[in-house]
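Participant: Based on what follows, work out the 3D shape:
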Amino acid sequence: MFRPRITAAAVTAVMAAGTVVGIAPVVLATPAAAAASPCVNDLTTAQTSNNAAIAADQANDTRTARTQNLSTAVSLVAALGDCLTQPQVVGANILTASATNATAVVYNLLGASSSALSSEQATASAITHALANAT
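Facilitator: Here you go, the predicted model:
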């Protein structure tokens, strides 16, 4: 009476062990996702803070937008250094994003959220183009 249950349990255990042994090499052979470069990380951080600035200006909150603009500026400065080995178009787009972001800071200091929003959208475009060409 217990013998069939023990046999079934043993067969199940052997099959499970075989499955694990058979799958384990496949799992180990699967390459991990490539880590993003410091350049891409800086640009992604700049994009995130710029998006937050856009949201703040859409809500007419120039103070928060200005804080996010400054965060974007820090990330873009870091990107300039980390993206030196990238194609020239990446550096050009970082410089463009830096210039339009600086304009957004000034507009936010003046309380002109609609003008700042326009500059932030130009910054977003430049960052997007830089990310499209960065590796």
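Participant: what about the residue most central in space within the chain, which helix or strand?
Facilitator: Taking C-alpha atoms, centre = their mean as the criterion, residue 44 is the residue nearest the geometric centre of the chain, at 3.6 Å. Assigned by DSSP states H and E, residue 44 belongs to helix 38-58.
Participant: same question, residue 132
Facilitator: Assigning secondary structure by DSSP H and E places residue 132 in helix 113-133.
Participant: Just the CA trace of that helix, in PDB.
Facilitator: Extracted in PDB, the C-alpha atoms of helix 113-133 (Å, rounded to 0.1, in the frame of the first residue of the first chain):
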ATOM      1  CA  SER A 113       6.300  79.100 -16.300                       C
ATOM      2  CA  SER A 114       4.900  79.000 -19.800                       C
ATOM      3  CA  SER A 115       8.200  80.300 -21.300                       C
ATOM      4  CA  ALA A 116      10.100  77.900 -19.000                       C
ATOM      5  CA  LEU A 117       7.900  75.100 -20.200                       C
ATOM      6  CA  SER A 118       8.900  75.800 -23.800                       C
ATOM      7  CA  SER A 119      12.600  75.700 -22.900                       C
ATOM      8  CA  GLU A 120      12.100  72.500 -20.900                       C
ATOM      9  CA  GLN A 121      10.400  70.800 -23.800                       C
ATOM     10  CA  ALA A 122      13.400  71.800 -26.000                       C
ATOM     11  CA  THR A 123      15.700  70.300 -23.300                       C
ATOM     12  CA  ALA A 124      13.600  67.100 -23.400                       C
ATOM     13  CA  SER A 125      14.000  66.900 -27.100                       C
ATOM     14  CA  ALA A 126      17.800  67.300 -27.000                       C
ATOM     15  CA  ILE A 127      18.100  64.700 -24.200                       C
ATOM     16  CA  THR A 128      16.000  62.300 -26.100                       C
ATOM     17  CA  HIS A 129      18.200  62.700 -29.200                       C
ATOM     18  CA  ALA A 130      21.400  62.300 -27.100                       C
ATOM     19  CA  LEU A 131      20.000  59.100 -25.600                       C
ATOM     20  CA  ALA A 132      19.100  57.800 -29.000                       C
ATOM     21  CA  ASN A 133      22.700  58.000 -30.000                       C
END
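Participant: helices and strands around that helix, which ones?
Facilitator: Packing partners of helix 113-133 (3 or more C-beta pairs under 8 Å, 6 or more residues apart in numbering; DSSP states H and E): helix 38-58, helix 62-82, helix 88-110. The C-beta positions use only the backbone N, C-alpha and C, and glycine is treated the same way.
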